[in-house]
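Novice: Sequence and predicted structure below; questions after.
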Amino acid sequence: MEVSKITRTCPEKEIYNELLKLDGKHILELGCGAAELTRTIATEGFNRHVTAAEVDEIQHNKNLLITDLDNVTFQLAGAESIPASDNTFDVVFMFKSLHHVPVELMVQALEEIQRVLKPDGLAYISEPIFAGDFNELLGSPYKPM
């Protein structure tokens, strides 16, 4: 089996802007953290409506203090229980947050994403790259002495 090599490094916004048309869309970002990517998504286009969900209550309360993003609604929620009606969003984003969903809730979270997406909607899920010497060491099978 041949391992493919990463041939491009760039800001992630270049990738999702290449793949997705976000203008005029209803967008959900799960695990928005400090809302840095939320801000980018909300302000680098036109007529974008963003719901930014964060499961950490302390961070969510900080996000509620953001007053310059009129097209963003912040919610306290996790991916496994999204407070939205069926078929609400055109795009659901998860930037390096899927691995924070407890394993026992992973299927439920993915079903929730499917539920809130419109029939022609798209989920964009990115995770940190699992590569390098440190990860190879972690990925090696444990052999007791």
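Specialist: Sure thing, it's come through.

Novice: And the lengthiest helix in the chain, what's buried?
Specialist: Longest helix in the chain by number of residues (criterion: DSSP state H): helix 106-116. Of the residues in helix 106-116, A109, L110, E112, I113, V116 count as buried by neighbour count, 16 or more other C-beta atoms under 10 Å. Any C-beta I mention is one placed from the backbone N, CA and C, and that applies to glycine too.

Novice: Quick check, K118 in contact with N87.
Specialist: Yes: between K118 and N87 a contact is recorded at 4.9 Å, counting by C-beta atoms under 8 Å.

Novice: re earlier: check which helices and strands the longest helix of the chain is in contact with.
Specialist: Of the remaining helices and strands, those touching helix 106-116 by 3 or more C-beta pairs under 8 Å, 6 or more residues apart in numbering; DSSP states H and E are strand 89-95.

Novice: Run the chain-centre distance for the strand it packs on.
Specialist: When distances are taken as C-alpha atoms, centre = their mean, to the nearest Å, strand 89-95 is centred 6 Å away from the chain's centroid.

Novice: what lines up beside that strand in the sheet?
Specialist: Using DSSP bridges, the strands paired with strand 89-95 are strand 26-30 (parallel), strand 117-126 (parallel).

Novice: and the first one, C-alpha only, in CSV?
Specialist: Pointing back at strand 26-30 there. Included here for strand 26-30 are C-alpha records, laid out as CSV according to Å, rounded to 0.1, in the frame of the first residue of the first chain:
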residue,chain,number,x,y,z
HIS,A,26,-27.1,28.8,6.6
ILE,A,27,-24.0,27.4,8.3
LEU,A,28,-23.4,25.5,11.5
GLU,A,29,-20.0,25.3,13.1
LEU,A,30,-19.7,22.7,15.8
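
Novice: what comes up buried for the very next helix or strand once past it?
Specialist: Next in sequence after strand 26-30, counting helices and strands by DSSP states H and E, comes helix 36-43. Across helix 36-43, burial judged by 16+ other C-beta under 10 Å covers L37, T38, R39, I41, A42.
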